[in-house]
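1. here is my input; please provide its structure:
(one chain, ligands or ions: 1)
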Amino acid sequence: MPLKFNGQSEELEGDGWSPLAPARRSPAGSCRSRSSVCWIGAVALCLGLLLLSVILVAHTTNKVNQWDAKYTDLMEQLWKGQDGQPAEQNMLRAPPSNLTRELKVMQNQHNTLAASLDRLQEELNRLNVNRTDLIQLDARCSNMIYELSKSKKNLTAEQEQLKTQFNNLTGEMEALQKQYDSVVASRDQLQEEFDRLNPKSNVTERMCPSSWIKFGNKCYFVSPSSQKKNYANSRKDCQSRGGDLVKITSRLELDFVKTHRAIAWIGLTRAEDGHSWVWVDGTTLENHEFWQDGEPNNADMEEDCVEISREASAWNDVPCSRSFSWVCES
Ligand SMILES: [Ca+2]
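-> You can find the predicted model right below:
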């Protein structure tokens, strides 16, 4: 087979090149023969190097595959465990130093969290106890509120009953007072009629109880100077003695009373209309000449009772709650 190589095949064919016949060659043809040999050798060398590279690459690839397989097995053993046990146990059997440190850190964290959990549990227990106490306290408070509400309702009902009874008693007292005043008026009228019909017995038969003072045809009781009472209690004292607070109808009578007490209650109060004045026997005041100058002034809108003053020799309206001496008549 003729060998062609870059246009030199014709020379090769013409020469019928053989290594055993170098002498037949010309100097120029010998040079071309060595160049061909050089080319062939270079090609062979290249092929050899290529082959060697292929072999080395194949060998290296095989080794890499082996190492990769070993690495894969090692990783699988690491994760799965060589003897079928969890990898964590194998790691705990022979833990690396860094894992040991991490394990200690995690153990410390675990201990810290456990301590915190214990404290939280204790706090939770304490709060549960407090919650139980609060629930019991709330129940007691609710019960107390219920009982107090019941008591309030009962007291309100009793208050209404007492108020009704008070109103009834007040009405009865007013009716009795009117009856009493009517009886006293009848008595006085009868006494006057009797005195008119029996003028001789007028002076001798009008007797006053002890501690009473007779003046004209009336008897007067003057309270002890050491005793002071408000208007209502003063009038009660007079009534308990069979009389009532004095009704002054003349200058003579006014002078008689003021000589015995410097200041004393008389039986005159403000009427319900707020303007007129009424005596204890129910009659309306007609003679207004005995008031002090500027009186009655109803100071602070609370002066509904009348006192007599020796210094002023006249009357003055004052609060009924004031305490003075008092003068009764019968
Ligand atoms: Ca006054």
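2. residues of the chain that sit close to the ion?
-> Applying C-beta under 5 Å from the ion, one finds that the chain approaches the ion through E295, N297, E303, N316, D317. Backbone N, C-alpha and C define where each C-beta goes, glycine included.
3. 6 Å instead?
-> Residues of the chain lying near the ion by C-beta under 6 Å from the ion: E295, P296, N297, A299, E303, N316, D317, V318.
4. dump the residues you listed into CSV; add pLDDT as well.
-> Shown next, in CSV, are those (pLDDT from 0 to 100):
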residue, pLDDT
E295, 90
P296, 91
N297, 92
A299, 90
E303, 95
N316, 93
D317, 94
V318, 95
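5. filter those residues down to the buried ones, ChimeraX style.
-> This is the ChimeraX syntax for the buried subset of these, where burial follows 16 or more other C-beta atoms under 10 Å:
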select :295,296,303,316,317,318
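6. now, the residues of the chain next to the ion that are in helices?
-> Using DSSP state H, no member of the residues of the chain next to the ion falls in helices.
7. return the residues in contact with T283.
-> When contacts are counted by C-beta atoms under 8 Å, 6 or more residues apart in numbering, T283 is found next to K247.
8. again, only using 7 Å
-> Applying C-beta atoms under 7 Å, 6 or more residues apart in numbering to T283 gives no contacts.
9. please begin residue numbering at 6 from this point
-> Sure, I'll start numbering at 6, so the last one becomes T288.
10. from the residues of the chain next to the ion, which land in strands?
-> In strands, defined here by DSSP state E, the members of these are N321, D322, V323.
11. partners of the last one in the sheet?
-> Okay, so that is V323. When assigned by DSSP bridges, V323 has beta-bridge partners C310.
12. wait, it touches C310, no?
-> Yes. At 6.1 Å, V323 and C310 qualify as touching, with contact defined as C-beta atoms under 7 Å.
13. which residues do the two both contact?
-> Common neighbours of V323 and C310 (C-beta under 7 Å, 6+ apart) do not exist.
14. tell me where the longest helix sits in the chain.
-> Longest helix in the chain, counting residues (DSSP H): helix 102-202.
15. ok now that helix, how far from the chain's centre?
-> Remark: helix 102-202 is offset 17 Å from the chain centroid, using C-alpha atoms, centre = their mean, to the nearest Å.
16. the ion versus K219, what's the distance?
-> 32 Å (C-beta to the ion, to the nearest Å).
17. how many residues are close by that residue?
-> 13 (other C-beta atoms under 10 Å).
18. what is it paired to in the beta sheet?
-> In beta-bridge terms (that is, DSSP bridges), K219 pairs with C224.
19. so it sits against E334, correct?
-> No. K219 sits out of contact with E334 when judged by C-beta under 7 Å, with a separation of 10.7 Å.
20. now stretch 216-226: mean pLDDT?
-> Averaging pLDDT along stretch 216-226 yields 92.
21. okay but C333 is in contact with K252, surely?
-> No. Using C-beta under 7 Å, C333 is not in contact with K252, being 10.4 Å away.
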